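A.B. asks: Quick one: sequence and predicted model below, then my questions.
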Protein chains: 2
Amino acid sequence: MKRTADTGKVVALCGGIGGAKLVLGLDRVLPAGHLSVIVNTADDFEHLGLRISPDIDTVAYTLANLANPETGWGRRDETWSFMETLADLNGETWFQLGDRDLALHVERTRMLGQGQTLTEVTETLCERLGLASRLLPMSDETVSTVVETDRGSLDFQHYFVAERAEPVIRSIRFAGADTAKPSPAVIDALSSPELTCVVLAPSNPYLSLDPLLAIEGLREALAKCTAPIVAVSPIVGGDAVKGPTAKIMRELDVPVTSVSIAHHYGDLINGFIIDQCDAKVADEIEVPVRITETLMTSLESKTALAQAVLAFAEQLSSRAPHRGAA
Amino acid sequence: MKRTADTGKVVALCGGIGGAKLVLGLDRVLPAGHLSVIVNTADDFEHLGLRISPDIDTVAYTLANLANPETGWGRRDETWSFMETLADLNGETWFQLGDRDLALHVERTRMLGQGQTLTEVTETLCERLGLASRLLPMSDETVSTVVETDRGSLDFQHYFVAERAEPVIRSIRFAGADTAKPSPAVIDALSSPELTCVVLAPSNPYLSLDPLLAIEGLREALAKCTAPIVAVSPIVGGDAVKGPTAKIMRELDVPVTSVSIAHHYGDLINGFIIDQCDAKVADEIEVPVRITETLMTSLESKTALAQAVLAFAEQLSSRAPHRGAA
């Protein structure tokens, strides 16, 4: 399944569960060390004195084959003694932290407390988990997703976990994004001369990828990037595969179609991948489109989509000049 | 087993495992709210970013009937997923933290981070554990036991846990004790007009009780105290019941007898309780002595010793004037 070692470098941008599936496919088909994943950290928060990075953890656990396949978040073979005891102590239990999961948060918090950056901490932890790919937090500075809803202004985790994404979203903002810089490692990855493809994973564009794109330096680095940028639509047959993407699109008055997603990314992308059951809308999309199977229900379908993304990028790359190379 | 409600207030001074047994006896024989326990905090340390208070935890778990009867520290029915995973992440595993135990440390650390004092945090946590007695950290300021050994200067936990109390002790000091103040709650407990007895529990005098006595304000409050002060010897038949007390006495060139312990406390105490198998040394002790069974192998023997301590104090109290009442 591994490609040959002459494959160039690939960067994926992603959030949590949905994007992690494609990232797993890319990780498995690319040679070790060829994939860098820039991960949303605007969902990060401090809870019980611990620094939690939900999207980094989901991607890390997924790549380490430690993810809980039923929930999408947290670890498989988890135990819950900590949480049970915290409940007995009247502690806050709305955000579930398994006993094994906790070890990662405690180690992260400890290392951050020593003055290491989130990028450094993530590198060390991913090394300890034995990952072949690099996970790069989008920024070492704090950017926080805030949703304005019919129940008021909510922090992301309160909206998403405590309120189960039930409140009606009126608008979304990313506090701190106007001043935050991408980490040097992010800039390095996007400006590598070996870079052959940038993938916007099928994460929620509004909640998971927009925070990355809201950081001016990151958006600029993408615009300057010489490799083709390919996005994979999270919409299949007029609905989101998982999570609240479709619900949020309706609340934001956006038609729930892949066309809206392509339009949302606009001229940032050079190519767009949609599911075969949405083939009929391909003509409405302004960038080159690849139609394929995008549902990732097995490891095979994840690696197949990863291969399709890479092949599409290669094809876009040969159709010079694309925007980045202009 | 409960005494009548007209029993006055009792204060016990204690460290960890040995002292906690007598404290349990006192807790069970006294009416709810009549016992305050001033606990050594010089073994406290920060580990993995968490604030650990080993002696407070041992006493709290013992009184809450949650202690692990086999180890003396930690909780019964514990699970170890966190520690196993931390080992997988190459984290520090020399100090064992069970999944349930961890909940207490995380809550404590979180509350201290909010600016609460250790006294306030301990009160809240003990309330959540349903304790009938009050646990009072000896001070809200940092006092740290440091042992000078043949392997160099060691923090207490490194000496005691990581090095298993194997290094030969040359001297013991309590960093910060010269400036630390006892908490207001400690002073209140010791100056209560209802106080009928102060007990120095059979904890290690050198490592567990000396830190309390090294705080000038606490020692002064004891000296001013109007109730008799009774110490229970941790030495039975020329050896310590548990832990390194006898080993440390040999290293400090002190004969391993109850006489040495009485001499160590000097005129701080008004009465001294020794085990029946040490009856022969009673005459060598300058303060009034009560000879009884001091081995606490069952709840019955703990409550029996507690009753003996209280009866002895009552008897000392009626022999006015004792030093405190002068």
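C.D. replies: That came through fine. Residues are numbered from 1 along each chain as shown, chains lettered A, B, ... in the order given.

A.B. asks: Quick check: residues of the stretch 1-150 of chain A near chain B?
C.D. replies: Proximity of the stretch 1-150 of chain A to chain B, by CB under 8 Å from any CB of the partner chain, involves residues A:48-50, A:78-79, A:81-86, A:88-91, A:98-100, A:102-104, A:106-107, A:109-110, A:113, A:125, A:128-129. Heads up, the C-betas are built off the backbone N, CA and C, glycines and all.

A.B. asks: Would you mind listing which of those are buried?
C.D. replies: Among those, those buried by neighbour count (16 or more other CB atoms under 10 Å in any protein chain shown) are A:48-50, A:78-79, A:81-83, A:85-86, A:88-89, A:91, A:98-100, A:102-104, A:106-107, A:109-110, A:125, A:128-129.

A.B. asks: Mark which of those residues are part of helices, please.
C.D. replies: A:81-83, A:85-86, A:88, A:99-100, A:102-104, A:106-107, A:109-110, A:125, A:128 (DSSP state H).

A.B. asks: distance of the residue nearest to residue A:167 when sequence neighbours are not counted from chain B?
C.D. replies: Distances taken as CB to CB, 6 or more residues apart in numbering or on different chains place residue A:149 nearest to residue A:167, at 3.5 Å, with adjacent residues excluded. Remark: distance between residue A:149 and chain B (CB to the nearest CB, to the nearest Å) = 27 Å.

A.B. asks: Give me the three-state assignment for residue A:119.
C.D. replies: For residue A:119, the assignment made with DSSP: H, G, I helix; E, B strand; the rest coil gives helix.

A.B. asks: residues touching it, list them.
C.D. replies: Shown in contact with residue A:119 (CB atoms under 8 Å, 6 or more residues apart in numbering or on different chains): A:136, A:137, A:140, A:183, A:184, A:185.

A.B. asks: Repeat that for residue A:225.
C.D. replies: For residue A:225, the contacting residues are A:190, A:191, A:195, A:198, A:324, by CB under 8 Å, 6+ apart.

A.B. asks: Just the closest of those to chain B, please.
C.D. replies: Nearest to chain B out of those is residue A:190 (CB to the nearest CB; 28.9 Å).

A.B. asks: would the closest one count as being in a helix?
C.D. replies: Yes: according to three-state DSSP, the state of residue A:190 is that of a helix.

A.B. asks: possible to save the contacts of residue A:119 as TSV with secondary structure and pLDDT?
C.D. replies: Putting the contacts of residue A:119 into TSV (DSSP: H, G, I helix; E, B strand; the rest coil; pLDDT from 0 to 100) gives the following:
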residue	secondary structure	pLDDT
A:136	strand	98
A:137	strand	98
A:140	coil	98
A:183	coil	96
A:184	helix	96
A:185	helix	97
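
A.B. asks: Report the two of those separated the most.
C.D. replies: For the contacts of residue A:119, the maximum inter-member distance is 11.7 Å, found between A:137 and A:184 (CB to CB).

A.B. asks: So which elements touch the lowest-mean-pLDDT helix or strand in chain A?
C.D. replies: Lowest by mean pLDDT, DSSP states H and E among the helices and strands of chain A is strand A:239-240, with a mean of 76. Strand A:239-240 is packed against helix A:245-251, with contacts defined by 3 or more CB pairs under 8 Å, 6 or more residues apart in numbering or on different chains; DSSP states H and E.

A.B. asks: Give me the residues contacting the helix it packs on.
C.D. replies: Residues outside helix A:245-251 that contact it (CB under 8 Å, 6+ apart): A:18, A:165, A:168-170, A:204-207, A:234-235, A:238-240, A:255-256, A:260.

A.B. asks: Now do the strands in the stretch 101-250 of chain A.
C.D. replies: With DSSP state E, counting those that start in this stretch as the criterion, the stretch 101-250 of chain A has strands at A:134-137, A:144-149, A:152-155, A:169-175, A:195-200, A:229-232, A:235-236, A:239-240.

A.B. asks: Adding distance to residue A:316 and mean neighbour count as columns, could you present these in JSON lines?
C.D. replies: Converted to JSON lines, the strands of the stretch 101-250 of chain A look like this (distance: least, CB to CB, whole Å; neighbours: other CB atoms under 10 Å in any protein chain shown):
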{"stretch": "strand A:134-137", "distance to residue A:316": "23", "mean neighbour count": "25"}
{"stretch": "strand A:144-149", "distance to residue A:316": "31", "mean neighbour count": "21"}
{"stretch": "strand A:152-155", "distance to residue A:316": "38", "mean neighbour count": "14"}
{"stretch": "strand A:169-175", "distance to residue A:316": "29", "mean neighbour count": "17"}
{"stretch": "strand A:195-200", "distance to residue A:316": "9", "mean neighbour count": "25"}
{"stretch": "strand A:229-232", "distance to residue A:316": "7", "mean neighbour count": "27"}
{"stretch": "strand A:235-236", "distance to residue A:316": "21", "mean neighbour count": "22"}
{"stretch": "strand A:239-240", "distance to residue A:316": "26", "mean neighbour count": "16"}
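
A.B. asks: between the ones you listed, which one is nearest to residue A:269?
C.D. replies: Per CB to CB, nearest to residue A:269 of those: strand A:229-232, 4.7 Å.

A.B. asks: tally of neighbours for whichever residue of the stretch 201-326 of chain A sits closest to chain B?
C.D. replies: Shortest the stretch 201-326 of chain A-to-chain B distance, computed as CB to the nearest CB: residue-wise this is residue A:299, at 22.9 Å. Taking other CB atoms under 10 Å in any protein chain shown as the neighbour definition, residue A:299 ends up with a count of 14.

A.B. asks: Now for it: which residues touch it?
C.D. replies: So residue A:299 contacts A:24, A:25, A:28 (CB under 8 Å, 6+ apart).

A.B. asks: In helices, which of the residues you listed fall?
C.D. replies: Using DSSP H, these in helices are A:24, A:25, A:28.

A.B. asks: What strands line up against the least confident helix or strand of chain A, and which way round?
C.D. replies: strand A:235-236 (antiparallel) (DSSP bridges).

A.B. asks: any idea of the mean pLDDT for the strand it pairs with?
C.D. replies: The average pLDDT within strand A:235-236 is 92.

A.B. asks: if we can go back for a sec, columns pLDDT and neighbour count on top of the ones in helices among the contacts of residue A:299, output as TSV?
C.D. replies: Listed next are the ones in helices among the contacts of residue A:299 as TSV, based on pLDDT from 0 to 100; neighbours: other CB atoms under 10 Å in any protein chain shown:
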residue	pLDDT	neighbour count
A:24	97	21
A:25	97	26
A:28	97	18
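
A.B. asks: And these, which is closest to residue B:282?
C.D. replies: The closest of these, once distances to residue B:282 are taken by CB to CB, is residue A:24, at 74.9 Å.

A.B. asks: Okay, the closest one and residue B:192: tell me how far apart.
C.D. replies: Remark: distance between residue A:24 and residue B:192 (CB to CB, to the nearest Å) = 64 Å.
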